[in-house]
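Undergrad: the sequence and its predicted three-dimensional model are supplied below.
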Amino acid sequence: MTRLFSALIALVLITSQLSAQNDPKAQEILKGVSAKYKSYKTLTASFKLGILDQKTKKTSAQNGSVTIRGNAFNLFMSDQTVMCDGKTTWTYLKESNEVQVSENKPSADAITPTNIFTMYEKGFKSKFLSDKSAGGKAVQLIELTPDDAKKNYFKIQLTIDKKDKYVSEAKVFDKSGNVYTYSIVKFTPNAKVTEDMFTFNKAKYPGVEVVDLR
């Protein structure tokens, strides 16, 4: 679950602690992006996750997508799918054909779709790094560092589209030596969604084992 929710950082994580310790320019940029995301009723995005093991120099990659509407979301990756209607969360594990059912009660410091737009209020320091061009577009680089030294990552680098004000890429530097790079492939605000996207339909998964953790 932690890795799956970390993927959302690339999509909509606008995190900076609003304090004097923050870089004013970084704070201004992040507040602008946050306001833009909050204006959307729904959003869908497809992304690519690249993982670099800095110790072995080995790399791997996989694709994923997310759909969010209020407290409900559907997060898909190659090995699992997480669906939530705001009250119940279903985590489907493809390899074992198993779905784990739990109450949607994330911990106070968890990164989830339900608190993604308010994470900037505490927990991080922000720093503006530079303006640059990437893929023919003007982007801005911002570095985030968590106040809590116990986090399993020590910094996040965000690449923000300067014109459209969205996070186009995020790099999460893990203390284990891995670097997770989340790159937005396609972003669609106010996309049309249906109720069945946020609940698990057992009939669509023949032979699935249901593990109720509630």
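TA: Thanks, I have it.
Undergrad: run a quick neighbour tally on residue 34.
TA: By other Cβ atoms under 10 Å, the residues close to residue 34 number 22. In short, each C-beta sits where N, CA and C put it, glycine included.
Undergrad: how close does it get to residue 28?
TA: 11 Å (Cβ to Cβ, to the nearest Å).
Undergrad: wait, what's in contact with residue 81?
TA: By Cβ atoms under 8 Å, 6 or more residues apart in numbering, the contact list for residue 81 reads 74-75, 91-92, 94.
Undergrad: got a ChimeraX select line for the buried ones in those residues?
TA: Here is the ChimeraX command that picks out the buried ones among the contacts of residue 81, judged by 16 or more other Cβ atoms under 10 Å:
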select :74,75,91,92
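Undergrad: between the contacts of residue 81, which is nearest residue 202?
TA: Using Cβ to Cβ, residue 92 comes nearest to residue 202 of those, at 10.2 Å.
Undergrad: helix or strand for that closest one, just tell me which one.
TA: Under the criterion of DSSP states H and E, residue 92 resides in strand 88-93.
Undergrad: check which helices and strands the helix or strand that comes right after that strand sits against.
TA: Heading C-terminal from strand 88-93, the first helix or strand you meet, by DSSP H and E, is strand 98-103. The elements that strand 98-103 packs onto, with contact taken as 3 or more Cβ pairs under 8 Å, 6 or more residues apart in numbering; DSSP states H and E, are strand 88-93, strand 209-212.
Undergrad: okay, buried residues for the following helix or strand past strand 98-103 please.
TA: Heading C-terminal from strand 98-103, the first helix or strand you meet, by DSSP H and E, is strand 124-134. In terms of neighbour count (16+ other Cβ under 10 Å), strand 124-134 has its buried residues at 124-128.
Undergrad: in its sheet, what does strand 124-134 sit against?
TA: According to DSSP bridges, strand 124-134 forms sheet pairs with strand 137-146 (antiparallel).
Undergrad: next SSE downstream of the strand it pairs with?
TA: Downstream of strand 137-146 (by DSSP H and E), the next one is strand 153-161.
Undergrad: from the contact counts, what lies against that next one?
TA: Strand 153-161 is packed against strand 137-146, strand 166-174, with contacts defined by 3+ Cβ pairs under 8 Å, 6+ apart.
Undergrad: which one of those strands has the lowest average pLDDT?
TA: Lowest mean pLDDT of these: strand 166-174, a mean of 84.
Undergrad: adjacent strands (with direction) for whatever helix or strand comes next after that strand?
TA: Downstream of strand 166-174, the next assigned helix or strand under DSSP H and E is strand 178-189. Its sheet considered, strand 178-189 pairs with strand 42-53 (antiparallel), strand 166-174 (antiparallel) by DSSP bridges.
Undergrad: tell me the buried residues in strand 178-189?
TA: Of all the residues in strand 178-189, those buried under the rule 16+ other Cβ under 10 Å are 178-184, 187.
Undergrad: ok so, going back, and the angle for the strand holding residue 92 with strand 98-103?
TA: Taking axes from the mean of the first three to the mean of the last three Cα atoms, to 10 degrees, strand 88-93 and strand 98-103 form an angle of 160 degrees between their directions.
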